[in-house]
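In: Sequence and predicted model, in that order:
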Amino acid sequence: MIDASFYRWLRPLFGRRRRGPRAPEEFRPRGTSSKVSRLSARYDAEVDAALERLWPKARVYHDREFTRDRADFLLVVRGRGVMIETKVKSDPGLFRGSTLPPLLDRLQRDGRRLVVLLNQGDPTPARELVAAKLGDKARVIVWSGPADDAALCEAVESLLKQATRHA
């Protein structure tokens, strides 16, 4: 049996017990932050601003919860929806899309359209993966800022022109 005074001495070392589920961010040691997490938050804010700039009358829905099977944004333009997934790489190498299969499987079942935005790198392997799962219902583009707005606009508009409606 543990002496109560000994337990009171150990409790500060082990921390207090929390109730309820813990978010993934809570597992990271305090005082540290991943470089990719910081880049990702900034990139999402830039993408949000671009969507507002390119489609000012559109509705933009954010999914702030960390999940692998839901896209980061839903853009609804003229009653049609396009899912937007952002991916951030800290190096300019190949983007293989290894984190995309749960999202692609879900969108394949739902019949939704998808644009994957990559901040940098070569998206060729990811394009092949996305094309194999979703065919012409998806695009993978490199968008690094307002200079790439034309590519983003073309990708979204080409998906919006497709016949099936999803909002």
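Out: Yep, that arrived. Residues are numbered from 1 along each chain as shown.

In: Would you mind pulling the contact partners of the lengthiest helix in the chain?
Out: Across the chain, the helix with the greatest residue count (assigned by DSSP state H) is helix 35-54. Contact partners of helix 35-54, identified using CB atoms under 8 Å, 6 or more residues apart in numbering, comprise 58, 60, 62, 72-73, 75, 84, 86, 88-90, 117, 119, 143, 145-146, 149, 152-153, 156. From N, CA and C alone the C-beta is placed, and that goes for glycine too.

In: next one: stretch 132-147
Out: Taking CB under 8 Å, 6+ apart as the criterion, the residues outside stretch 132-147 that touch it are 46-47, 50, 53, 97, 101, 104-105, 107-108, 111-121, 123, 126-127, 130-131, 148-149, 151-152, 155, 158-159, 162.

In: Keeping just the C-alphas, turn it into PDB.
Out: Taking C-alpha atoms only, stretch 132-147 is exported to PDB below (Å, rounded to 0.1, in the frame of the first residue of the first chain):
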ATOM      1  CA  ALA A 132      -6.100   5.600 -60.100                       C
ATOM      2  CA  LYS A 133      -8.700   6.100 -57.300                       C
ATOM      3  CA  LEU A 134     -10.800   9.100 -58.500                       C
ATOM      4  CA  GLY A 135     -10.100   9.400 -62.200                       C
ATOM      5  CA  ASP A 136     -11.100  12.700 -63.600                       C
ATOM      6  CA  LYS A 137     -12.900  13.800 -60.400                       C
ATOM      7  CA  ALA A 138      -9.600  15.000 -58.800                       C
ATOM      8  CA  ARG A 139      -6.700  17.200 -59.400                       C
ATOM      9  CA  VAL A 140      -3.300  17.500 -57.700                       C
ATOM     10  CA  ILE A 141      -1.600  20.900 -58.200                       C
ATOM     11  CA  VAL A 142       1.300  22.800 -56.700                       C
ATOM     12  CA  TRP A 143       0.000  26.100 -55.200                       C
ATOM     13  CA  SER A 144       2.600  28.200 -53.300                       C
ATOM     14  CA  GLY A 145       0.900  31.600 -53.400                       C
ATOM     15  CA  PRO A 146      -1.100  34.100 -55.400                       C
ATOM     16  CA  ALA A 147       1.200  33.600 -58.400                       C
END
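
In: Just the CA trace of the longest strand belonging to the chain, in CSV.
Out: For the chain, the strand with the greatest residue count under DSSP state E is strand 80-87. Output of strand 80-87 as CSV, limited to C-alpha atoms (Å, rounded to 0.1, in the frame of the first residue of the first chain):
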residue,chain,number,x,y,z
ARG,A,80,-21.6,22.6,-56.4
GLY,A,81,-19.0,21.4,-54.0
VAL,A,82,-15.3,20.6,-54.3
MET,A,83,-13.3,19.2,-51.5
ILE,A,84,-9.8,20.8,-51.0
GLU,A,85,-7.0,19.0,-49.2
THR,A,86,-3.8,20.8,-48.4
LYS,A,87,-0.5,19.1,-48.1
